[in-house]
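Visitor: everything below, folded, please.
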Amino acid sequence: KVELKVALVEESQLYSESIDCWKDIEGIDFSSMREEAIKACYLSNLKSSNLLSNPSTFINVDFEDKKQLFLKNKKKIKILRKGIIHGIALWFEASLSSDVMLSSSPLSRTHWKQCFAPLSMPINANKCDNVFVNIDIQLRTKGNNSFNFTFSIDKEI
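Guide: Below is the predicted model of the structure:
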């Protein structure tokens with residue numbers, strides 16, 4: 001059993017270096033690359049201080065279940081502190097046995113990195129705001145070792 005965890009993230013440096021860097025540089029317009037940059041995930045050693053929300057179990061995955069090729073879920077997540085949402089952090093927690101857990105959480109000591117998925121535009125958030133996170137995932141199929149996912153964030157008004 002594997003749990004996919006998600007949290008809202010404030011990560012201005014990574015966002016600046018990976019997303020906002022695509023602009024006019026020495027007379028050459030690179031702004032079209034920004035659209036591609038926001039579709040990517042970035043492996044990063046996020047810190048607990050980057051998290052704007054508590055981690056939430058988004059999806060439980062059973063890799064033995066062949067019917068679980070497409071996963072979709074929507075979560076309402078509460079903001080813990082004022083900040084700017086630059087994207088979401090994704091990581092896994094796998095139960096290898098009843099007493100052995102493998103985790104790539106930013107809240108535990110690990111050499112594993114987390115996935116940072118950026119928003120197209122950052123969102124200002126206040127403590128106790130509610131944010132809805134939607135994620136659609138297509139797991140890998142035979143002959144294809146990758147997976148695809150899309151996500152969106154809607155702030156409750």
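Visitor: counting neighbours, what do you get for residue 27?
Guide: Using other C-beta atoms under 10 Å, the number of residues around residue 27 comes to 5. C-beta here means a position set from N, CA and C on the backbone, and glycine is covered the same way.
Visitor: cool, and the one 5 residues further on?
Guide: By the other C-beta under 10 Å criterion, the neighbourhood of residue 32 contains 8 residues.
Visitor: with residue 3 instead?
Guide: 18.
Visitor: tell me how far it lies from residue 75.
Guide: According to C-beta to C-beta, to the nearest Å, residue 3 stands 13 Å off from residue 75.
Visitor: and for the two, which residues touch both?
Guide: Here residue 3 and residue 75 have residue 58 as joint contacts, going by C-beta atoms under 8 Å, 6 or more residues apart in numbering.
Visitor: residue 45 touches residue 113, doesn't it?
Guide: Yes. Between residue 45 and residue 113 there is a contact under C-beta atoms under 8 Å: 5.5 Å.
Visitor: contacts for the helix or strand containing residue 136 next, please.
Guide: Taking DSSP states H and E as the criterion, the element that holds residue 136 is strand 130-138. Applying C-beta under 8 Å, 6+ apart, the set of residues contacting strand 130-138 from outside is 4, 6, 8, 53, 58-59, 69-79, 85, 88, 123, 125, 147-156.
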